[in-house]
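Peer 1: Need a 3D model of the following:
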Amino acid sequence: MYTPSRQSDNSSRALSTNNIANSLGYQSQEKIQENLFSAVVGSGVTNLFPRYIDKLELNNTNTSANLSEWRCVRTLTCDSYAVAFSPDGKKLASGSTHIKLWDLETKELICTFKRYSGILKTLAFSPDGKTLISAGLSQSIELWDVETQEEIRKFAPYAYAVNSIAFSPNGKLFVSCDRGKTIQIWNPNSQQPTTTFLQHQDWVNSVSISPDSHVLASASHDRTIKLWDLSTRTEIVTLIGHSSPVYSLAFSPDGQILASGSGDGTIKLWHLETGKLLRTLTGHADEVYSVAFSADGQTLASGSGDATIKLWHLETGEEIETLVGHKYAVRYVTFNPNQQILTSTSADGVTRIWQHS
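Peer 2: Residues are numbered from 1 along each chain as shown. Sure, this is the predicted structure:
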């Protein structure tokens with residue numbers, strides 16, 4: 001996922017590259033020492049330097065007068081661009097200049113990874129939860145052992161800041177993208193990329209991999225979304241429709257739909273079997289920086305520059321509710337894989353954990 005500081009194979013659900021090609025005709029032209037801090041209740045702004053928490057505190061206060069289904073249950077003061085849930089949904093990794101691992105049941109810090117040089121922008125767990133990948137402004141990618149917190153491998157240095165990383169659900173590869181128009185595919189056991197794509201015309205802000213591990217989607221500042229066949233390492237099609245940079249992508253759990261969030265303030269839902277635009281969701285008053293699907297695929301969350309999180313009913317496209325409490329742009333939203341939990345990270349120095357009531 002770009003931030004503005006500038007599952008198992010299922011052949012019946014797999015993307016048909018031929019159908020997309022036939023439907024769209026292969027359109028290919030037209031995206032410090034560590035400072036500790038304590039958890040707080042509320043949304044007070046701290047500062048914009050990376051800070052960390054020693055403990056998660058329970059927050060029983062709703063932050064929205066209209067909040068009926070979701071409530072903020074924990075608030076973390078930080079300026080983290082990167083958070084990730086473990087595959088089992090029991091842990092949360094957060095990062096800025098350090099990486100910390102939290103137990104969501106006990107609300108306690110499990111461990112702190114060895115010092116990270118540079119500001120983190122993206123974190124991703126491997127599908128088995130044993131390793132964690134980090135990247136960001138340091139122009140490097142690191143692979144970590146979650147149990148020992150030791151760095152396993154540092155991958156070939158980047159010429160530009162890394163905006164996003166995605167692990168394939170089958171665990172065989174991961175993909176990175178950067179501010180230099182580059183997408184790279186990596187084998188976790190090798191320090192050099194196996195494939196490099198340079199077809200975008202501007203920064204690549206986000207990458208996402210389909211649940212069957214067959215298709216890669218990339219979003220760019222050039223206002224396009226590209227789909228790639230991970231078997232042949234070739235471009236399938238370019239999806240055109242946004243009028244501003246595309247910042248975020250998310251596949252639905254069944255692999256049928258791709259959601260995209262853009263600087264034009266809209267979320268678009270694309271049907272992957274045909275490549276057609278299904279629906280455009282409107283309602284945010286500013287750029288949409290992040291989108292995420294719930295584990296059951298029925299709800300889509302979006303985070304925006306208008307400082308709100310909106311929840312949408314996927315089937316109808318209707319807005320379910322708006323979550324408020326952040327004071328500045330919501331840079332990142334993500335659902336817990338196995339529970340009714342949502343996290344949001346914002347420029348106000350706060351990460352909020354929301355729970356469905």
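
Peer 1: Do you have the helices of the protein handy? List them.
Peer 2: 17-24 (DSSP state H).

Peer 1: Show me where the stretch 101-250 of the chain has its strands.
Peer 2: 108-112, 120-125, 131-136, 141-145, 151-154, 162-167, 174-178, 183-186, 193-197, 204-209, 215-220, 224-229, 234-240, 246-251 (DSSP state E, counting those that start in this stretch).

Peer 1: Tabulate those in a markdown table, adding columns for distance to residue 267.
Peer 2: Where you see a C-beta, it was placed from the backbone N, CA and C, and this is true even at glycine. As requested, the strands of the stretch 101-250 of the chain are exported to a markdown table (distance: least, Cβ to Cβ, whole Å):
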| stretch | distance to residue 267 |
| --- | --- |
| strand 108-112 | 34 |
| strand 120-125 | 20 |
| strand 131-136 | 25 |
| strand 141-145 | 29 |
| strand 151-154 | 36 |
| strand 162-167 | 17 |
| strand 174-178 | 20 |
| strand 183-186 | 22 |
| strand 193-197 | 25 |
| strand 204-209 | 13 |
| strand 215-220 | 12 |
| strand 224-229 | 12 |
| strand 234-240 | 14 |
| strand 246-251 | 9 |
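
Peer 1: Mean pLDDT lowest where, among those?
Peer 2: Lowest mean pLDDT within these: strand 108-112, a mean of 87.

Peer 1: export that strand as PDB, just CAs?
Peer 2: Taking C-alpha atoms only, strand 108-112 is exported to PDB below (Å, rounded to 0.1, in the frame of the first residue of the first chain):
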ATOM      1  CA  GLU A 108       0.900  -7.300  25.700                       C
ATOM      2  CA  LEU A 109       4.100  -6.700  23.700                       C
ATOM      3  CA  ILE A 110       5.600 -10.100  22.700                       C
ATOM      4  CA  CYS A 111       8.900  -8.800  21.400                       C
ATOM      5  CA  THR A 112      10.900  -6.100  19.600                       C
END
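
Peer 1: For that strand, name the packing helices and strands.
Peer 2: Contact analysis of strand 108-112 by 3 or more Cβ pairs under 8 Å, 6 or more residues apart in numbering; DSSP states H and E lists strand 99-103 as its packing neighbours.

Peer 1: Parallel or antiparallel, list what pairs with the strand it packs on.
Peer 2: strand 91-95 (antiparallel), strand 108-112 (antiparallel) (DSSP bridges).

Peer 1: Can you give me every residue that contacts the closest residue in space to residue 196 that isn't next to it in sequence?
Peer 2: Leaving out its chain neighbours, the residue that sits closest to residue 196 by Cβ to Cβ, 6 or more residues apart in numbering is residue 184, at 5.1 Å. Listed by Cβ atoms under 8 Å, 6 or more residues apart in numbering, the contact partners of residue 184 are 175, 176, 177, 193, 195, 196, 197.

Peer 1: try 10 Å
Peer 2: Contacts for residue 184 (Cβ atoms under 10 Å, 6 or more residues apart in numbering) come out as 141, 155-156, 158, 162, 174-178, 192-198, 204, 207.

Peer 1: what about the stretch 201-350 of the chain, any weak spots by pLDDT?
Peer 2: Scanning the stretch 201-350 of the chain for pLDDT under 70 picks out 349.
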